[in-house]
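Q: Okay, sequence plus prediction incoming.
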Amino acid sequence: MASINYHTREISCKIVYYGPGLSGKTTNLQIIHKKVPKDSKSEMVSLATETDRTLFFDFLPLDLGSIKGFSTKFQLYTVPGQVYYNATRKLVLRGVDGVVFVADSQRDKMPENLESLRNLEENLREYGIELKSTPFVLQYNKRDLPSIFTVDEMNAQINSYGVPCFEAQAHQGVGVFTTLKAIGKIVIDTFNTKYSARQSSRRPDPNPSSQGSIPAVPAAPSLAPMAPAPIPLAPPPPLGGMRMPPPIPRPIPATVATPAFSVPPLQGFNPNAAPAPAPQGFAPPAPQPQGFNPNAAPVPAPQGFAPPTPQPQGFNPNAAPVPAPQGFAPPAPQPQGFSPNAAPVPAPQGFAPPAPQPQGFSPNAAPVPAPQGFAPPAPQPQGFSPNAAPVPAPQGFAPPAPQPQGFNPNAAPVPAPQGFAPPVPQPQGFNPNPAPIPAPQGFAPPASPVQSALVSDFGMNLPPPSATSVQPTIATTGFAVPAPASPVAATPGLQSGFFQAPPSSLQAPARKERLDGTMDPKDLDAEIARMEREIMGQPSAPAQKPAGIQTNPNVNPNMDTDPAFSNAFLSPDEIRQFQQSPQDYPTQRLPMNPGNATP
Amino acid sequence: MGNFILYKEDIELLNKVMARLLASASATFVLLVHKDGNLLTHQGFTRAFDTTSLAALAAGSYAATRAIAQLIGESEFTVLFHKGKTDSIHISLVDEDTIMVLVFDDRTNQGLVRLESERASADIRTILEDVRKNEFTDLETSTGSKPQTP
């Protein structure tokens, strides 16, 4: 769809060259690129294979003069013509404002033309566009080859819509600019019509009598025989002129009194454009030069290009701007840190452990009625890489502050999980899918949701009342989240022990994580037992790494002690120091608090 | 799908959000691109780059990736990330018609870029919701500013 930028005073339109393979679409763009003066074009982008077949699209931005002080930016695209590139053809058609169908005139290529035309209609329909209501012209290319259809035969076969058609020899530049000018004019006219109608519907028309007068159907221009046209820049032979096919005239629109703007004069292309008699429907200026004259003075809006603004029947002049999209999620809650599982875990309100026991849970507080933490309102999974942690959130560095880990009843929503080297019992999951399972609300009270999830996902038999005090902790790991039925089977490679950390890695966190964020059911018993010991006040067993527990092979388990890593990150002390004096920070960007930046 | 009509106020507001994004993410430049390939506006160090082609290619790349997403049962991917030796590109979906192309180098990092572009996207989305309600005004008489509604 065209866009109008009132600030930079630009109008952008998208024109797509469509057609079967090897019909000359890319050649059209290449000729345009070659002949257009440098200041009205950018570089042509061609996504082609090694054999110069278009793979995705060719792209040529073109500046076609100005309309009432607004410069018109046409973006010319081609599609890959080969049959099996239909997916990419469809992508290029998105938001198209005008279509040029480049047909191969050779007799044996007609089936491909028809197939491609049908494909064009299909693809446009998927975007909700009808070809007959879209600016559309035909170009009959390769007119210099032997064994071609005549124009009338071509019209009869593929011009069922009765659109303007042009003969061309693209590789010599013949007919290329005629086609471009025609489609540009139709696109602008369509634009005009759309907005003039919208304007006049808002404003009373001072001259209502001019409304609705339908001009006569223009007589078809003389079908001049095609000249050989050997030199592209030669003085203009009158070939390639527009032909209006006799059988089905395109609906001629009604005029509108005050067009929003007129067609650009296509500066530089048309040195000799004599003012043609005004209301010729699609007729370009009569003596059409095929070549390109770079010295041509800009012609001030030749009349032939500015007929009374037509109002094509098929267009919807009242198309209001599309209302705001409804399908978008509201702005996500801002993540507090860079942790991969930034799901805020609200503290269960009914939880009342003794205050000075930050790590533990009161065994007496066991039956937690559906903790809120299991069904937060779908926190936005920011999914940040843990490697990104150091930058803005100093919390990401396992701050030495005595922040109580776990379920502190007084803590409001537990902020960002600690990214690096979390304290051992902290219930941090490595879960890439932070959306927790909503708590089954009405579930039987004795079995907490976590418990039921464990049972359902792992077939575990948990001791009902006594162990419940542990379970909320486990649940916050996101342990119960997607849980394929057998995570062991899902990652057979990890079970081989191949990636086991060396035995010296006793410093590694005892929390057992797997790459998919789940926990091996085999290890769960040990984990629960360890937590129970902690809760009961017994000294925790040394954080030894039990056999068979896998660690993330991508993380060096000795990262904390390995000298190779000692300089990689700032120490917590350094972090704190720079928090006090941000101006001393080694790079200016790190202590910045982006959330508070004011424009 | 209506036409995009941008007035001076819209552009200035979008530019402000994007300039803030550049500062906070330490990126090189940022483009706001319609999915059709039109460049809507840009901020940052763009003088050395062909932003028009970049916009068209980014939109093409996004469209291709979207088609891939649909092949695997996703509606679309919301983030595309191309990492280079020093410069990288982060393409993110802003709303159903618009994508944001953020170019940055190795002086910042991807996590920060992602975080900040998420925040900026939310702001831009809000602005674009208003942009869609814009009405056409006469080109000749327009000053570029949004017409005052009675």
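A: The structure has been received and is ready for your questions. Numbering: from 1, shown residues only, chains lettered A, B, ... in the order given.
Q: what's the following helix or strand after the strand ranked longest in chain A?
A: Secondary structure of chain A read by DSSP state E shows that its longest strand is strand A:54-67. Using DSSP states H and E, the helix or strand that follows strand A:54-67 in sequence is strand A:70-78.
Q: That next one - what's its average pLDDT?
A: Here strand A:70-78 scores 92 as its mean pLDDT.
Q: What are the contacting residues of it?
A: A:4, A:9-18, A:25-26, A:28-29, A:32, A:54, A:57-66, A:92, A:180, A:184, A:187-188, A:261, A:264, B:37-38, B:52, B:56, B:139 (CB atoms under 8 Å, 6 or more residues apart in numbering or on different chains). Just so you know, the C-beta spots here come from the backbone N, C-alpha and C atoms, and that holds for glycine as well.
Q: Quick check: strands, which of those residues are part of them?
A: A:4, A:10-18, A:54, A:57-66.
Q: give the contact list for A:Phe136.
A: Counting by CB under 8 Å, 6+ apart, the residues that A:Phe136 touches are A:Gly98, A:Val99, A:Val100, A:Phe101, A:Tyr161, A:Val163, A:Ile183, A:Ile186.
Q: Give the bridge partners for it, please.
A: When bridges are taken as DSSP bridges, the partners of A:Phe136 come out as A:Val99.
Q: What does the pLDDT read for the nearest residue in space to B:Ile89 that is not next to it in sequence?
A: Nearest residue to B:Ile89 in three dimensions, chain neighbours excluded: B:His82, at 4.5 Å (CB to CB, 6 or more residues apart in numbering or on different chains). Looking at B:His82, its pLDDT reads 94.
Q: Was I right to think B:His82 contacts B:Val103?
A: No: in this structure, B:His82 is not within contact of B:Val103 by CB atoms under 8 Å, at 9.7 Å.
Q: which parts of the top helix by length along chain A are buried?
A: Taking DSSP state H as the criterion, chain A has its longest helix at helix A:176-202. Of the residues in helix A:176-202, A:176-200 count as buried by neighbour count, 16 or more other CB atoms under 10 Å in any protein chain shown.
Q: before we move on, what about stretch A:49-58?
A: Across stretch A:49-58, burial judged by 16+ other CB under 10 Å covers A:Thr54, A:Phe56, A:Phe57, A:Asp58.
Q: Those residues: which two are farthest apart?
A: A:Phe56 and A:Asp58 (8.7 Å; CB to CB).
Q: For A:Asp104, name its beta-bridge partners.
A: Applying DSSP bridges, one finds that A:Asp104 bridges with A:Asn141.
Q: where's it relative to chain B, distance?
A: Distance of A:Asp104 to chain B, given as CB to the nearest CB, to the nearest Å: 26 Å.
Q: quick one: contacts for A:Tyr6?
A: B:Ile5, B:Leu6, B:Tyr7, B:Lys8, B:Thr137, B:Ser142, B:Gly144, B:Ser145.
Q: Can you select the buried ones from those residues in PyMOL?
A: Applying 16+ other CB under 10 Å to the contacts of A:Tyr6, the buried members can be selected in PyMOL as follows:
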select buried, chain B and resi 5+6+7+8+137+142
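Q: For chain B, which residue gets nearest to chain A?
A: Residue nearest to chain A within chain B (CB to the nearest CB): B:Gly111, separated by 2.0 Å.
Q: any idea of the mean pLDDT in whichever strand or helix holds that residue?
A: Using DSSP H and E, B:Gly111 sits within helix B:110-131. Across helix B:110-131, the average pLDDT comes to 92.
Q: Buried ones in it, by neighbour count?
A: B:110-125, B:127-128, B:131.
Q: and which of the buried residues of stretch A:49-58 is nearest to A:Ala529?
A: For the buried residues of stretch A:49-58, the nearest to A:Ala529 is A:Phe56 (58.7 Å; CB to CB).
Q: ok, for that closest one, nearest residue in space, not its chain neighbours?
A: A:Phe56's closest residue in space is A:Leu47 (CB to CB, 6+ apart), at 3.9 Å.
Q: before we move on, what about B:Leu102?
A: Nearest to B:Leu102 is B:His90, by CB to CB, 6+ apart, at 4.4 Å.
Q: Regarding the one you found, what is its secondary structure?
A: Look at B:His90: counting by DSSP: H, G, I helix; E, B strand; the rest coil, its state is strand.
Q: burial count for it?
A: 22 (other CB atoms under 10 Å in any protein chain shown).
Q: surely it meets B:Val113?
A: Yes: contact criterion CB under 8 Å: B:His90 and B:Val113 qualify, at 5.2 Å.
Q: which one of the contacts of A:Phe136 sits closest to chain B?
A: For these, the nearest to chain B is A:Gly98 (12.7 Å; CB to the nearest CB).
Q: ok, the closest one touching A:Tyr18?
A: No: counting by CB under 8 Å, A:Gly98 does not reach A:Tyr18; the two are 10.6 Å apart.
Q: So between those two, which is more surrounded?
A: A:Tyr18 (27 against 24).
Q: Run through the residues that contact that one.
A: Here A:Tyr18 is in contact with A:Lys25, A:Thr78, A:Val79, A:Arg89, A:Leu93, A:Val99, A:Val100, A:Phe101, A:Val102, A:Ser116, A:Leu120 (CB under 8 Å, 6+ apart).
Q: nearest to B:Ala25, of the residues you listed?
A: Among these, and counting by CB to CB, the member closest to B:Ala25 is A:Leu93, at 33.6 Å.
Q: ok, that closest one - how many residues close by?
A: Neighbours of A:Leu93 (other CB under 10 Å): 21.
Q: ok, what's across the strand from the nearest residue to A:Leu62 once chain neighbours are set aside?
A: Leaving aside its sequence neighbours, A:Leu62 sits nearest to A:Phe74 (CB to CB, 6+ apart; 4.6 Å). On the basis of DSSP bridges, A:Phe74 is bridged to A:Cys13, A:Leu62.
Q: Quick check: A:Phe74 vs chain B, distance?
A: When A:Phe74 is compared with chain B (using CB to the nearest CB), they lie 11 Å apart.
Q: And A:Gly173, by the same measure?
A: For A:Gly173, the distance to chain B - CB to the nearest CB - is 23 Å.
Q: ok, that residue - how many residues close by?
A: Neighbour count for A:Gly173, taken as other CB under 10 Å: 24.
Q: In three-state terms, label the spatially most central residue of chain B for me.
A: In chain B, the residue lying closest to the centroid (CA atoms, centre = their mean) is B:Leu32, at 2.1 Å. Classification of B:Leu32 by three-state DSSP places it in strand.
Q: Please apply the same query to A:Ile129.
A: Looking at A:Ile129 with three-state DSSP, the answer is coil.
Q: other SSEs contacting the longest helix of chain A?
A: Under the contact criterion of 3 or more CB pairs under 8 Å, 6 or more residues apart in numbering or on different chains; DSSP states H and E, helix A:176-202 touches strand A:10-18, helix A:25-35, strand A:70-78, strand A:98-104, strand A:136-141, strand A:165-167.
Q: Now the helix holding B:Gly111 - C-alpha only, CSV.
A: Output of helix B:110-131 as CSV, limited to C-alpha atoms (Å, rounded to 0.1, in the frame of the first residue of the first chain):
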residue,chain,number,x,y,z
GLN,B,110,22.5,-8.4,21.9
GLY,B,111,20.7,-8.7,25.2
LEU,B,112,20.6,-5.0,25.7
VAL,B,113,19.5,-4.5,22.2
ARG,B,114,16.7,-7.0,22.6
LEU,B,115,15.5,-5.5,25.8
GLU,B,116,15.5,-2.0,24.6
SER,B,117,13.9,-2.7,21.3
GLU,B,118,11.1,-4.5,23.1
ARG,B,119,10.5,-1.4,25.1
ALA,B,120,10.7,0.9,22.1
SER,B,121,8.4,-1.4,20.1
ALA,B,122,5.7,-1.0,22.7
ASP,B,123,5.9,2.7,22.4
ILE,B,124,6.0,2.7,18.6
ARG,B,125,3.1,0.4,18.5
THR,B,126,1.0,2.9,20.5
ILE,B,127,2.0,5.7,18.1
LEU,B,128,1.2,3.7,15.1
GLU,B,129,-2.2,2.9,16.4
ASP,B,130,-2.9,6.6,16.1
VAL,B,131,-1.2,6.9,12.8
